[in-house]
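>>> this one's structure only:
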C-alpha cells in the first residue's frame with residue numbers, strides 16, 4: 001500500500017468484533033504515522049455477500 005503498487009481495493013466487512021492489544025490489523029507494515037499521510041480512497045460500490053459487506057474502492061487519483 002505504502003509503495004503505491006495497488007490502485008483499487010476490495011474489503012470484506014463481517015458483522016463480528018475481534019481484537020485486543022496483540023490482534024493483527026487489516027493491513028500489515030508500519031502504516032501511515034499521520035492522518036494527512038493516509039491513502040485516500042473513493043468508494044465505488046458496497047454490496048452484500050451473505051452476511052458480509054464487500055466494499056470496492058480505488059485511489060482518488062484513479063478514474064475507473
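Noted; the coordinates are in hand. Given the structure is predicted, the values throughout are model-derived calculations rather than measurements.

>>> where does the chain have low pLDDT?
Scanning the chain for pLDDT under 70 picks out the ranges 62-64.

>>> Which stretches in it count as strands?
For the chain, the strands defined by DSSP state E cover 8-13, 41-49, 52-59.

>>> can you redo those as TSV with mean neighbour count?
In this view, the C-beta of every residue, glycine as well, is placed from N, C-alpha and C. Converted to TSV, the strands of the chain look like this (neighbours: other CB atoms under 10 Å):
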stretch	mean neighbour count
strand 8-13	13
strand 41-49	11
strand 52-59	15
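
>>> In JSON lines, list the ones you listed along with distance to residue 19.
Listed next are the strands of the chain as JSON lines, based on distance: least, CB to CB, whole Å:
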{"stretch": "strand 8-13", "distance to residue 19": "14"}
{"stretch": "strand 41-49", "distance to residue 19": "22"}
{"stretch": "strand 52-59", "distance to residue 19": "18"}
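
>>> And those: which comes nearest residue 2?
For the strands of the chain, the distance to residue 2 is smallest for strand 52-59, at 12.6 Å, taking CB to CB.

>>> Neighbouring strands - and their directions - for the closest one?
Paired with strand 52-59 in the same sheet, following DSSP bridges, are strand 8-13 (antiparallel), strand 41-49 (antiparallel).

>>> hmm, who's touching the first one?
In other words, strand 8-13. Strand 8-13 is contacted from outside by 26, 41, 44, 49, 52-59, 62, 64, using CB atoms under 8 Å, 6 or more residues apart in numbering.

>>> Greatest separation within those: which pair is it?
Taking CB to CB as the measure, the contacts of strand 8-13 span a maximum distance of 24.8 Å, between 52 and 62.

>>> middle-most residue in this protein, spatially?
By CA atoms, centre = their mean, the chain has its centre lying nearest to residue 11, at 5.6 Å.
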